[in-house]
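[1] mind looking at a prediction? Sequence and model below.
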Amino acid sequence: MADTEAALGNAKKMTIICTKGSLDWAYPPFILATTAAAMDVDVTMFFTFYGLGLLNKDLKLKVTPLGNPAMAMPMAGMHMQMPNMVGMIPGVTDGATAMMKNMIKKKGVASIEELREAAVLSDIRMIACQMTLDLFEMDKKDMIEEIEIGGAATWMECAMQSDINLYM
């Protein structure tokens, strides 16, 4: 633990702005947040725009193959890169999502729901953007209970005291 603390230096607070709500974009903020919390970093996550959906009780996350030319999936012993235009074909998003969820399960990777629960258990502060709630006519009752509502100023207060600020 002493080596970890020495490597961190002064990095004891971190904020993450979560702006994307797809399955593939949900992993980085939750993995980084829970890892940092396990390393005794005080973490605040601010969910805005499409990232706000990650706080819904019932998650229906999908992969985003359209506009993701780097997406390569392991198939038949190699990695097949999907041409960007294929993402426009009806059913491709659902197929890519099913493949990704199957790989996640097969490889024993935690689900977003499990990572979110780990964030709750790790006392990670999760703030839902009030403006986005209003803009998209969303209701806090549809979201997990362990969140708070706040605006940009709420995040700024945390960010100004943080050693690490990430935007995802």
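    On my side now, so go ahead. Bear in mind that the values here come from a model prediction, so they are computed numbers and not experimental data. Numbers count the residues shown, from 1 in each chain.
[2] who touches the most centrally placed residue in the chain in this structure?
    When CA atoms, centre = their mean is applied to the chain, the residue found nearest the centroid is A26 (3.0 Å). Contacts for A26 (CB atoms under 8 Å, 6 or more residues apart in numbering) come out as K20, L54, L61, I112. Glycine gets a C-beta too; all of them are placed from N, C-alpha and C.
[3] among these, which one is most surrounded by other residues?
    The residue in the contacts of A26 with the most neighbours, by other CB atoms under 10 Å, is L54 (25 neighbours).
[4] is that one in a helix, a strand, or coil?
    helix (DSSP: H, G, I helix; E, B strand; the rest coil).
[5] likewise the one 10 residues further on?
    Remark: T64 carries the secondary structure label coil [criterion: three-state DSSP].
[6] ok, it touching T93?
    Yes. Using CB atoms under 8 Å as the test, T64 is close enough to T93 to be in contact (7.4 Å).
[7] and the helices in this protein?
    Assigned by DSSP state H, the helices in the chain fall at 2-8, 23-38, 92-106, 112-121, 130-135, 152-159.
[8] related to what we said a few turns ago, setting aside sequence neighbours, what's the nearest residue to the residue nearest to the centre of the chain?
    I112 (4.7 Å; CB to CB, 6 or more residues apart in numbering).
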